[in-house]
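> Model the following, please.
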Amino acid sequence: MVNDNLSEYARKLALLRKEISEIHTALRKKKKVFNENQQRVYDFIISKKDIIQFTINNKQYFIKKGNEDKGFMHILLNIMVKSAKVGLLLITF
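Residues are numbered from 1 along each chain as shown. Got it, this is the predicted structure:
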């Protein structure tokens, strides 16, 4: 079960990295950039950071790598869904 979860995590993370890299490249071609929070999430997903902090509606949020029970691995394994409209992975809370 643990190996299955790690394989599924690796698969989803690879897909997410690919999608966010494509978005980043498309923005750069248009001479646009991510906003501050988006850049932090991008840096986290492509493994430049182990933990990030960002603010949404005056609330502080933290995401760290974690494991199957908490953190980003838990989010990716249990909460991420596929959007049929745009094909991007979205996190729902």
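> Can you list the low-confidence ranges for this protein?
Within the chain, the segments meeting pLDDT under 70 span 1-2, 79-93.
> mind listing the helices for it?
With helices called from DSSP state H, the chain shows them at 2-29, 36-45, 71-78.
> so what secondary structure elements neighbour the shortest one?
Using 3 or more CB pairs under 8 Å, 6 or more residues apart in numbering; DSSP states H and E as the contact criterion, the elements in contact with helix 71-78 are helix 2-29, strand 59-64. For every residue, glycine as well, the C-beta is placed using N, CA and C.
> need the contact list for the closest residue in space to residue 12 that isn't next to it in sequence.
Leaving aside its chain neighbours, residue 12 sits nearest to residue 76 (5.0 Å; criterion: CB to CB, 6 or more residues apart in numbering). By CB atoms under 8 Å, 6 or more residues apart in numbering, residue 76 lies in contact with 9, 12, 13, 16.
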